[in-house]
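J.: need a 3D model of the following:
(chains A, B, C and D)
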2 protein chains.
Amino acid sequence: MDQRVKKKATIYDLSVLSGSSPSTVSAVLNGTWRKRRIKESTAQTILGLAERHQYTTNLQARGLRRSRSGLVGLMLPVHDNRYFSSMAQTFEGHVRSRGQCPVVVSASRDPEEERRTAETLISYSIDQLFIVGATDPDGVHEVCESAGLKHVNIDLPGAKAHSVISDNYEGARMLTEAIIHHFGNDDPLRPDELYLFGGRNDHASRERIAAFHATKKALLGADPEDGVQSSGYSPDITLRAFEVFYQRHGKLPRALFINSSINMEGLLRFMAGRPAEMFSELVVGCYDYDPFGSFLPFPVIMVRQNVEAMIAKAFALIDEPTTPPQSFLITPELIQPRSALKGPLDTLKDMA
Amino acid sequence: MDQRVKKKATIYDLSVLSGSSPSTVSAVLNGTWRKRRIKESTAQTILGLAERHQYTTNLQARGLRRSRSGLVGLMLPVHDNRYFSSMAQTFEGHVRSRGQCPVVVSASRDPEEERRTAETLISYSIDQLFIVGATDPDGVHEVCESAGLKHVNIDLPGAKAHSVISDNYEGARMLTEAIIHHFGNDDPLRPDELYLFGGRNDHASRERIAAFHATKKALLGADPEDGVQSSGYSPDITLRAFEVFYQRHGKLPRALFINSSINMEGLLRFMAGRPAEMFSELVVGCYDYDPFGSFLPFPVIMVRQNVEAMIAKAFALIDEPTTPPQSFLITPELIQPRSALKGPLDTLKDMA
DNA sequence: TTCGCTTGCACAATCGATGGTGCAAAAACT
DNA sequence: AGTTTTTGCACCATCGATTGTGCAAGCGAA
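T.: Numbers count the residues shown, from 1 in each chain, chains lettered A, B, ... in the order given. Prediction:
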């Protein structure tokens, strides 16, 4: 009657109340009761009691017995970023629609942490793991593999499991081209006026840098050696790279290829405190899309990865039989300056 | 020997291998072995075996037995937003440092979904729940309460559990004041030139709107009735609000108070496709901080909620004995235009 | 009446870890 | 040597749900 302080009801409680055995109660509550030839009326009685006593399944117990949990994991490098958080948002929608429970965690781009995180999730018997932007996908793979856990790589490819990745080469090619074409013919960009900032030694960066070099060479005829300033995935390191560059050259390049929105924040930090006019002639290409970034006071051409397509493909792959691991390229989209695109939030209902 | 295909080792396996009983193995592995007076050498043997066989605790089994799981929940309205995703990032840090596992989920600002989500998490015996920006905090409270789950509200207050909220009144007062003061004395703002867009009928919006009205009246002497355009938490509804306004008045107001970065995206959508000059005189105050938003081509004064302080306070509160529920105000910070602040990501290590 | 089939459900083992309790063997003490 | 104390560990019930199996009652047919 009064469930104010009471502990949660179990199938045993309902068993006593209904006069049926625990196994019958269990069958009724998990929907397998027809298969077990339970009488309709018995089922109704039990369902009624369950309702009245606010029964909810103890999912840890179920998980223990079934050795899976209904949890689906998403491992991100970080949360605090439009790209990854929109992954999380999209992922959640997919998982929910399958009646499972999403678990989103971040692993800070640290191989050790990635491994540990995967292990923790495995200890909870998660059913599947989506690995986004892992620094060491194959390390995580080992962990998953030896636990028999299905997993997919997203954004950075692993050698040992299916991967869904953005077509970084093509994206960077389009972006570099767009930057160069943004300058008219009367005052065309020179090879030494376009620099790339950000990135480190991961697959995505390498592809992008390769495309950057190739496209520069193709369109501008030359490509000086020092055109790339690796600065990891850290705003502050990128900031320092800009400061160093500025000190050396007395100015910024006319055009920048910036490897990600995180590096772009490094540019913002450089801008802070310096006069806006210093940046009025700047043209930037950024390999990431952020709606606010798109409206900065100078032209920012962005690349939007197709998050929806990537997640959808990842879900399609993870259920597939284990064919040899393959990489699937998803072509990103070039976004012109001053574009405000819809995101996963737009599917949510809201009132005025 | 070969653990390629093998199922995970359990304490029973180690029990056989070591010649000790399962309970001894358990005690050794969970660290209670000194209390149970297990010989040092026995412990070492077992730990060695555990290492060799890559033993990891089945946390579902442990959770079932202990009726808690080591999971700590964070329920967000949405992921895809700097404010909430930086909450997630900060929250993760705290939970990790306590040796527990963070579970971040979103509930789409839907009371029904919020309730269901809480129930699901409870079914996994999570240890604590942090409820951020819930539409119906008290509904979620009921659910938690009847399961004996510790919980705290963040960002939107509930009547029945402790709450940590931003001081919305003070924040909006500061912001409104800053907007007004941004205009010099030679061409001061008139009362009918400052509008508020966004927000709906929740505690935060009400406070902000109240402060907006009061501050306008105090500083500008008057405050026309129609100065507030509620448009929920949706970019598109906000966009429509701007379109309607523009159609009616033939222009935008000189100054805007925008209720959140999500509404700000509505402004971006309005800007897209219209000439940049249309916005060159605009002054905007936005109740949220986004680094890119801070560098738009017009002055954007922002309010940064003190996420770190809020989360820290929430953790402090959740462990406390159940005193009568209280609300704790955390004062937000006014951010001048063109500021690129550090965030939770800056604590992560990264290389160059 | 008897055999055989269906219906409807109960029984009991199991998933893996935990922790209270009990009890031999070793050590310490008289 | 006999008694008490300490050490070191095993035993077993338990957490809540799942699921393979078994079996009695009911029913129809022969």
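J.: next, the contact list for residue A:90, please.
T.: Contacts of residue A:90 were listed using C-beta atoms under 8 Å, 6 or more residues apart in numbering or on different chains, and they are A:307-308, A:311, A:344. Yep, even glycine has a C-beta here, placed from its N, CA and C like the rest.
J.: can you flag which of those belong to helices?
T.: Assigned to helices by DSSP state H, the following of these qualify: A:307-308, A:311.
J.: dump those into TSV; add distance to residue A:294, neighbour count and pLDDT as well.
T.: What follows is the ones in helices among the contacts of residue A:90, written out as TSV (distance: C-beta to C-beta, whole Å; neighbours: other C-beta atoms under 10 Å in any protein chain shown; pLDDT from 0 to 100):
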residue	distance to residue A:294	neighbour count	pLDDT
A:307	16	26	96
A:308	19	16	96
A:311	22	28	97
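J.: adding distance to residue A:282, write the contacts of residue A:90 out as a markdown table.
T.: Written out in a markdown table, the entries for the contacts of residue A:90 read as follows (distance: C-beta to C-beta, whole Å):
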| residue | distance to residue A:282 |
| --- | --- |
| A:307 | 28 |
| A:308 | 31 |
| A:311 | 34 |
| A:344 | 30 |
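J.: show me which pair in those residues is furthest apart.
T.: Longest distance between any two of the contacts of residue A:90 is 9.6 Å, between A:311 and A:344; criterion C-beta to C-beta.
J.: residue A:120 contacts residue B:101, correct?
T.: Yes. Taking contact to mean C-beta atoms under 8 Å, the distance of 5.5 Å between residue A:120 and residue B:101 places them in contact.
J.: least confident secondary structure element in chain A?
T.: Of all regular secondary-structure elements in chain A, judged by mean pLDDT, DSSP states H and E, the least confident is strand A:228-229 with a mean of 82.
J.: residues making contact with it?
T.: Residues outside strand A:228-229 that contact it (C-beta under 8 Å, 6+ apart) are A:195-199, A:209, A:212-213, A:241, A:245.
J.: can you redo these as a markdown table with distance to DNA strand C and secondary structure?
T.: Written out in a markdown table, the entries for the contacts of strand A:228-229 read as follows (distance: C-beta to the nearest atom of the strand, whole Å; DSSP: H, G, I helix; E, B strand; the rest coil):
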| residue | distance to DNA strand C | secondary structure |
| --- | --- | --- |
| A:195 | 53 | strand |
| A:196 | 49 | strand |
| A:197 | 48 | strand |
| A:198 | 43 | coil |
| A:199 | 42 | strand |
| A:209 | 46 | helix |
| A:212 | 50 | helix |
| A:213 | 51 | helix |
| A:241 | 48 | helix |
| A:245 | 54 | helix |
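J.: so which of those reach DNA strand D?
T.: Restricting these to those near DNA strand D by C-beta under 7 Å from any atom of the strand leaves nothing, as none qualifies.
J.: if you rank those by neighbours, which is first?
T.: Neighbour counts for these, by other C-beta atoms under 10 Å in any protein chain shown, peak at residue A:198, which reaches 32 neighbours.
J.: between the contacts of residue A:90, which is closest to DNA strand D?
T.: The shortest separation between DNA strand D and any of the contacts of residue A:90 is 28.2 Å, and it belongs to residue A:311 (by C-beta to the nearest atom of the strand).
J.: residue contacts, that closest one?
T.: Going by C-beta under 8 Å, 6+ apart, the list of residues near residue A:311 reads A:87, A:90-91, A:94, A:130, A:154.
J.: what about these, which are in strands?
T.: A:130, A:154 (DSSP state E).
J.: can you add pLDDT and distance to residue B:51 and give the contacts of residue A:311 back as TSV?
T.: Output for these, formatted as TSV (pLDDT from 0 to 100; distance: C-beta to C-beta, whole Å):
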residue	pLDDT	distance to residue B:51
A:87	96	35
A:90	96	39
A:91	97	34
A:94	95	37
A:130	98	29
A:154	97	32
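J.: tell me who's in contact with residue A:285.
T.: Contacts of residue A:285 were listed using C-beta under 8 Å, 6+ apart, and they are A:175-176, A:178-179, A:255-258, A:300-303.
J.: residue numbers of the stretch 251-352 of chain A in contact with DNA strand C?
T.: For the stretch 251-352 of chain A, no residue is in contact with DNA strand C (C-beta under 7 Å from any atom of the strand).
J.: how about the strands in the stretch 251-352 of chain A?
T.: Chain-ordered strands for the stretch 251-352 of chain A, with DSSP state E, counting those that start in this stretch as the definition, fall at A:255-258, A:283-286, A:300-304, A:327-330, A:333-335.
J.: which stretches of the stretch 1-150 of chain A have low pLDDT?
T.: Within the stretch 1-150 of chain A, the set of residues satisfying pLDDT under 70 comprises A:1-6.
J.: who's in contact with the closest residue to chain B within chain A?
T.: Taking C-beta to the nearest C-beta as the measure, chain A has residue A:292 as its residue closest to chain B, at 3.3 Å. When contacts are counted by C-beta under 8 Å, 6+ apart, residue A:292 touches B:261, B:264, B:268, B:290-293, B:296.
J.: stretch A:294-307 spans what distance, first to last residue?
T.: By C-alpha to C-alpha, to the nearest Å, the extent of stretch A:294-307 from end to end equals 18 Å.
J.: whoops, I mixed them up, stretch A:322-340
T.: Stretch A:322-340 has an end-to-end distance of 40 Å (C-alpha to C-alpha).
J.: how about stretch A:186-206?
T.: Here stretch A:186-206 reaches across 32 Å from its first residue to its last, counting by C-alpha to C-alpha.
J.: does it come close to chain B?
T.: Yes. Using C-beta under 8 Å from any C-beta of the partner chain, a contact is recorded between stretch A:186-206 and chain B, made by residue A:200.
J.: can you tell me how far residue A:134 is from residue A:303?
T.: Between residue A:134 and residue A:303 the distance, using C-beta to C-beta, to the nearest Å, works out to 21 Å.
J.: compare those two (neighbour count), which wins?
T.: The residue with more neighbours, out of residue A:134 and residue A:303, is residue A:134; 27 against 23, by other C-beta under 10 Å.
J.: ok, now which ones touch the residue of chain A at minimum distance from DNA strand D?
T.: Ranked by C-beta to the nearest atom of the strand, the top residue of chain A for proximity to DNA strand D is residue A:23, at 2.7 Å. In this structure, residue A:23 makes contact with no residue, judged by C-beta under 8 Å, 6+ apart.
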